[in-house]
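Novice: here are the coordinates; sequence isn't available:
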């Protein structure tokens, strides 16, 4: 059995979702291959990711305006400009697929889902396909895709997707797939030793792979309120933010790290921008969570849904985030209530549920079938 996972790096969350499913499949002995969909022809992934990250970090209002426009013009019966742009590499993608001969294709990114849709409509691609929507909202233009089935994070997203024209029978909601590393708890003292933390109170700040969310200002605001605390700030690949954060006394400033799961175990409270995967990883870890400044668009929806379900506290400014963090840390009862709400999402099992579904779909390739979906505890 061979599974082809197609994603790209406009934000690390899409890749993380794909890697989580790949991790499970590899553990089951499945040949699971991860390919950047924008590199199947000319090498475009780095350029496109650079454009995206630059816009989000330097001019987020432009991204927000584009997202708002997309929400207004979305139509399940018409192809968007984003769809047509993703058809430009369709032939080279088709050639890559024919070379790899997968039994199923998994798309944790809209770009790959649209490109595959074009191959289904234009080339008659008959391989089973599975999409993974990696936000707590039905992001614009997913409704114009034509995959065999789609995974969403929560029933709220399922109903929103149906409202936008996606067939209900092609949707299920086992939760967001996260790596198995986020399902395991490490001893707090051992986790803190990894980062050289000796102080009693620890705040962890994460701004995603692009270091978004005014990290230096947030670190200073926390230390003004809790001067004896240790702040650990993960700045991702943003060298400018990393250098500014390093200059703040009382802060451990880190670039992109691959042991975020250990840092979350070391922290008393996590402050993170509301990427769908970042929040899901925190929820799977069952940690008190403050959702910081969202990137305009999908992350605003993420913040609203996650906070409405009681799984985190949302803040729109640096000062609000620092106040919320200190208030939550001083309220054990509120922490217990939040962690109980997080338990209702069952993120910890999603990668395995999705992986098993991928395997069932691949085994039944070429037959007429109704998807046999696992029951989940999501409500």
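Specialist: Done, it's in. Just so we're clear, the structure is a prediction, and the values are computed from it rather than from any experiment.
Novice: Kindly confirm my reading that residue 157 is in a helix.
Specialist: Yes. Looking at residue 157 with DSSP: H, G, I helix; E, B strand; the rest coil, it is inside a helix.
Novice: ok, it - contacts?
Specialist: Shown in contact with residue 157 (C-beta atoms under 8 Å, 6 or more residues apart in numbering): 133, 135, 136, 137, 138, 173, 305. For glycine as for every other residue, the C-beta is placed from the backbone atoms N, C-alpha and C.
Novice: unless I'm mixing things up, the fourth one is touching residue 306, no?
Specialist: No. Because the distance of 10.7 Å does not satisfy C-beta atoms under 8 Å, residue 137 is recorded as not touching residue 306.
Novice: and residue 199, what does it touch?
Specialist: 228, 229, 230.
Novice: For the first one, which three-state class applies?
Specialist: Secondary structure assignment for residue 228 (three-state DSSP): coil.
Novice: By mean pLDDT, point me to the weakest helix or strand of the protein.
Specialist: helix 45-58 (a mean of 60; mean pLDDT, DSSP states H and E).
Novice: Strands along the stretch 201-350 of the chain, start to end?
Specialist: Secondary structure of the stretch 201-350 of the chain by DSSP state E, counting those that start in this stretch: the strands cover 202-206, 230-234, 251-254, 269-272, 289-291, 313-314.
Novice: just checking, what packs against the last one?
Specialist: Spelled out, it's strand 313-314. On a contact count with 3 or more C-beta pairs under 8 Å, 6 or more residues apart in numbering; DSSP states H and E, strand 313-314 meets strand 289-291, helix 298-308.
Novice: Most tightly packed of these?
Specialist: strand 289-291 (a mean of 28; mean count of other C-beta atoms under 10 Å).
Novice: Please name the strands paired to that one in the sheet, noting orientation.
Specialist: strand 269-272 (parallel), strand 313-314 (parallel) (DSSP bridges).
Novice: Most neighbours among the contacts of residue 157, which one?
Specialist: Ranked by the number of neighbours (other C-beta atoms under 10 Å), these place residue 133 first, at 31 neighbours.
Novice: Spatially nearest residue to residue 286 (excluding sequence neighbours)?
Specialist: residue 339 (4.8 Å; C-beta to C-beta, 6 or more residues apart in numbering).
Novice: My read is that the one you found contacts residue 288, right?
Specialist: Yes. Between residue 339 and residue 288 there is a contact under C-beta under 8 Å: 7.2 Å.
Novice: who's more crowded, the two?
Specialist: Comparing residue 339 with residue 288 by other C-beta under 10 Å, the one with more neighbours is residue 288, at 23 against 17.
Novice: show me the contacts for the more buried one.
Specialist: Residue 288 makes contact with 268, 269, 270, 328, 329, 335, 338, 339, according to C-beta under 8 Å, 6+ apart.
Novice: rerun at 6 Å
Specialist: Taking C-beta atoms under 6 Å, 6 or more residues apart in numbering as the criterion, residue 288 is in contact with 269, 328, 335, 338.
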